[in-house]
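Asks: sequence first, then the predicted structure:
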Amino acid sequence: MSLERSDVEKIAHLARLAVSEDELEAVASDLSNILNLVEQMDAADTEGVIPMAHPLHMTQRLREDAVTEQNKREQFQSIAPLTEEGLYLVPRVIE
């Protein structure tokens, strides 16, 4: 698929990209090459191929769900500017 200058101008406008007149031809060529690659990949026969979440067949190693840090809430809240009932108080940012 080959893109024209007008196509690149429209894409740049929609993507809010500033593409100078000098760059238009190079960007059009680059985008055309990308679309050609996508067309080649789309032409590959994927009949019978099971979709995969990851290219490697492996399970994620899980660690034991155990507490590894001590509770230091009182220590951290002692140096906080404002706290109330175990919560940090911060200025309102949304009215």
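Replies: Nice, thanks for sending it over. Residues are numbered from 1 along each chain as shown.

Asks: how about the strands in this protein?
Replies: 83-84, 87-88 (DSSP state E).

Asks: export those strands to JSON lines and tack on mean pLDDT and mean neighbour count?
Replies: Glycine gets a C-beta too; all of them are placed from N, C-alpha and C. Formatted as JSON lines, the entries for these read as follows, by pLDDT from 0 to 100; neighbours: other Cβ atoms under 10 Å:
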{"stretch": "strand 83-84", "mean pLDDT": "94", "mean neighbour count": "12"}
{"stretch": "strand 87-88", "mean pLDDT": "94", "mean neighbour count": "10"}
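
Asks: and the ones you listed as CSV, adding distance to residue 1?
Replies: Converted to CSV, the strands of the chain look like this (distance: least, Cβ to Cβ, whole Å):
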stretch, distance to residue 1
strand 83-84, 60
strand 87-88, 54
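
Asks: of all those, which one is nearest residue 65?
Replies: Residue 65 sits nearest to strand 87-88 of all the strands of the chain, at 25.3 Å, using Cβ to Cβ.

Asks: neighbouring strands of the closest one in the sheet, and parallel or not?
Replies: Sheet pairing of strand 87-88 (DSSP bridges) gives strand 83-84 (antiparallel).

Asks: check the chain for its longest helix and report it.
Replies: helix 21-43 (DSSP state H).

Asks: quick check: mean pLDDT of that helix?
Replies: Averaging pLDDT along helix 21-43 gives 92.

Asks: quick one: buried residues of it?
Replies: Across helix 21-43, burial judged by 16 or more other Cβ atoms under 10 Å covers 24, 27, 28, 31, 32.

Asks: nearest to residue 45, of the strands of the chain?
Replies: That would be, of those and by Cβ to Cβ, strand 87-88, which comes in at 57.3 Å.
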